[in-house]
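S.K.: Fold the following for me, if possible:
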Amino acid sequence: MTSTTTMQMPNFINRESSLIRFNERVLAMAENRNTPLLERLRYVCIVSSNLDEFFEIRISNLKSKLANDPYTVDADGLTPIEAFDRIEKQVHALVERQYALLNTDILPKLRQHGVYLYKSNDFTEKLHAWAKDIFENEIFPLLTPIGLDPSHPFPRVLNKSLNFIASLTGQDAFNRHASIAIVQAPRALPRLIKVPEEVCGQANGYALLSTLMQVFASEIFPGMEIKDFYQWRVTRNSDLFVEEEVQDLRLALQGELSQRNFGNALRLEVMKGMPEYLVKFLQQEYGLDERDTYHTDGSVNLVRIMPLADVHAGEGLHFPPYQAPIPAPFNKMSTNPADMFAEIAKQDLLLHHPYQSFQPILHFLKAAAFDPNVVAIKQTIYRTGEDSELMNLLVQAAKSGKEVTVVVELMARFDEQTNINWAAKLEEVGAHVVYGVVGHKTHAKMALVLRREGKKLVRYGHLGTGNYHPKTARLYTDFGLLTSHKDITEDMDKIFSLLTGLGARRPLKILLQSPFTLHQQMLTRIDAEIAAAKSGKKAKIMLKMNSLVEREAIEKLYEASQAGVEIDLIVRGVCALRAGVEGLSENIRVISIIGRFLEHSRVFYFYDGGKETVFLSSADWMDRNFFRRVEVAFPVLDATLKKRVINEALTMAFKDNQLAWKGESDGSYTLIRNRRQAFNLHTKLMQLLGSQK
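M.R.: Next up is the predicted model:
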């Protein structure tokens, strides 16, 4: 890149554009013929799920800027108008690519393996008869078609719900002339329906609800002529806002949740072929235009076909099975809870999920729940799932009379209702349930156990980079540290006290905490590397995270690069930093790893004059994580464990030449490939840690 071009380029990459680039990399996993076929289907569906949230949160934010301040230039050099224009082109291109891949490659190949998603033109006489029986007995009784007229206004349509628009001619029983009708698919109906093998001759035959609705549309409007009948859905603003002055956060949030499904419209998806007059009608209803409209070559919601990715249809269609081992010393522990605490008292213990089992964390909490010497358990909960063994252990601990304190984050996006339900269950059994600090999401991952040993109380703690969610622990890469280190566990107790009570902040000895010390400490440590580089000493920074967008931190990394600090960044998703720009960031390289597992751990490495300081954290480098969340970064003090983290999270990642994408200075990414000496990070870590039992 020439210096002239560099001068014209803003120093920051647009956040939304970078997020779409991430989804392009996810879709590339589906396009990769080396990815097992059903996993390819899964990645196609993941892109749709990601895009739903992208519109619900990021586009809603951008549309707000468009309405309120459309001409102010942001740090990325774009006005909201320019940003939206660029992003909608990216998204339209991504969606076209997604449906083309599904229709011309993945679905035809699935048929070769006996996995059928039947379309209307596939219906045999036998299949048609089965479908008609299903429609008449299980679908039609639940439908409420609405013919639009002065007494039947356009219905209030739920966010992301499946709907149909019909254009009709003729007169009904009341001599009303038909025009347009709306049919909403009831939420109680499954979107993907299994076709019996005796009907279709296939063990894995399926039909979409939308297909059955299309085939039997005439049954919905008897005696009327249907000119057109098409599926559609609308995506709405789903960001929640709760005033800081509320008296009861749970009550206020429940009120907000009831309105989430009816926020402002942001995206209209219509099935390809819908006549323009119907498209215009829907656009006018929602105040949207053609840029907001996506003509899908298939179902308007590909997330609904995700269950197909889990069918059993032969060897080689899924990733090879992997059973995460329970590593030493956990694998040799008896059922005596004291054994767990004795091992943690000896030394810090590190777990790297999903390569190592999440079970030891459950065993830790189980030991705490049933050990008569444990007097108190304190835990933060961000995401945990509806059916959580971990939460049930906390309920049992409270029932047994232990002091159980749970900081439940009610504002965990799209998990709010689940967390509200768990909070109620915990309160019913006498646990102390608090909701953190209004205006600051509690995102830190901590569990603290207080155990009476002789005449003193001893603290045992778990800190992690990921959620207390056994399901995601099998899919997300995260680190967890079990420790009895006095300074660390005392710091944890101070943070819990700050979250549950009132009072001045007490200084922490070892842990870094947002919104108080994490941001400044990261800048200070970068400054130390800058000073080392300027004095001719070795200086190196390695950072791993999901997102890097906070402006001051990026500017500090640019400064470090210009001072000669070697900087390696592993940023899975959004990265607003431009790497490799002469005079700005030529000493910075960025990679993104997309593969079998979701890269989720946050690791911060500083050479630190040879000490090699390493922090693990729950926090990405974003404004929200630094300033509007309660986050924790904890050091890895044990030399052996530190060496493990550096190798497994950082060094090995930069050896990858199968899953890694190199971030270019223009915001694009190039897949790193070496077929002669292939190195797949996820495969290598499964081999390394899967053999350590």
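S.K.: Quick check: next helix or strand after the longest helix along the chain?
M.R.: The longest helix of the chain (DSSP state H) is helix 80-101. For helix 80-101, the following helix or strand on the C-terminal side (DSSP states H and E) is helix 107-112.
S.K.: So what are the sheet partners of the helix or strand following that next one and their directions?
M.R.: As assigned by DSSP H and E, the chain's next helix or strand after helix 107-112 is strand 115-118. With DSSP bridges as the test, strand 115-118 is paired with strand 204-208 (parallel).
S.K.: Going by neighbour count, which residues of stretch 62-74 are buried?
M.R.: In terms of neighbour count (16 or more other Cβ atoms under 10 Å), stretch 62-74 has its buried residues at Leu62, Lys63, Lys65, Asp74. For glycine as for every other residue, the C-beta is placed from the backbone atoms N, C-alpha and C.
S.K.: packing partners for the longest helix of the chain?
M.R.: Here helix 80-101 touches helix 15-31, helix 37-53, helix 60-68, strand 293-296, going by 3 or more Cβ pairs under 8 Å, 6 or more residues apart in numbering; DSSP states H and E.
S.K.: Apply 6 Å and report the result again.
M.R.: Packing partners of helix 80-101 (3 or more Cβ pairs under 6 Å, 6 or more residues apart in numbering; DSSP states H and E): helix 15-31, helix 60-68.
S.K.: Name the residues of that helix that are buried.
M.R.: For helix 80-101, by 16+ other Cβ under 10 Å, it's 80, 82-84, 86-88, 90-91, 94-95, 97-99, 101.
S.K.: Where is the longest strand in the protein?
M.R.: Taking DSSP state E as the criterion, the chain has its longest strand at strand 225-236.
S.K.: What is it packed up against?
M.R.: strand 163-169, helix 217-220, strand 265-271.
S.K.: Low-confidence regions, the stretch 351-500 of the chain specifically.
M.R.: For the stretch 351-500 of the chain, applying pLDDT under 70 flags the ranges 385, 410-416, 419.
S.K.: what's the answer for the stretch 1-150 of the chain, then?
M.R.: 1-8, 150.
S.K.: again, 90 this time
M.R.: 1-9, 57, 64, 67-71, 75, 147-150 (pLDDT under 90).
S.K.: what's the helix or strand for the residue nearest to Phe22 when sequence neighbours are not counted?
M.R.: Distances taken as Cβ to Cβ, 6 or more residues apart in numbering put Gly573 closest to Phe22, at 4.6 Å, once the chain neighbours are dropped. Gly573 is part of no helix or strand when elements are defined by DSSP H and E.
S.K.: Quick one: closest of the helices and strands packed on helix 80-101 to Ile530.
M.R.: Of all the helices and strands packed on helix 80-101, helix 15-31 sits nearest to Ile530, with 25.7 Å by Cβ to Cβ.
S.K.: what comes up buried for that closest one?
M.R.: 15-31.
S.K.: and if you look at stretch 395-408?
M.R.: Buried, per 16+ other Cβ under 10 Å, within stretch 395-408: Val395, Gln396, Ala397, Ala398, Lys402, Val404, Thr405, Val406, Val407, Val408.
S.K.: ok, now stretch 45-54?
M.R.: Cys45, Ile46, Val47, Ser48, Asn50, Leu51, Asp52, Phe54.
S.K.: Equivalent analysis for stretch 664-683, please.
M.R.: Ser665, Gly667, Tyr669, Ile672, Phe679, Asn680, Leu681, His682, Thr683.
S.K.: So which of those sit within strands?
M.R.: Filtering these for strands - DSSP E - leaves Tyr669.
S.K.: Give the single residue among the buried residues of stretch 664-683 positioned nearest to Ala447.
M.R.: His682 (27.1 Å).
S.K.: Return the residues in contact with that closest one.
M.R.: Going by Cβ atoms under 6 Å, 6 or more residues apart in numbering, His682 touches Gly595, Arg596, Phe597.
S.K.: repeat that with 10 Å
M.R.: 319, 322, 354-355, 477, 593, 595-597, 599, 656, 658-659 (Cβ atoms under 10 Å, 6 or more residues apart in numbering).
S.K.: How about Lys89?
M.R.: Counted by Cβ under 10 Å, 6+ apart, Lys89 has contacts Ser17, Ile20, Arg291.
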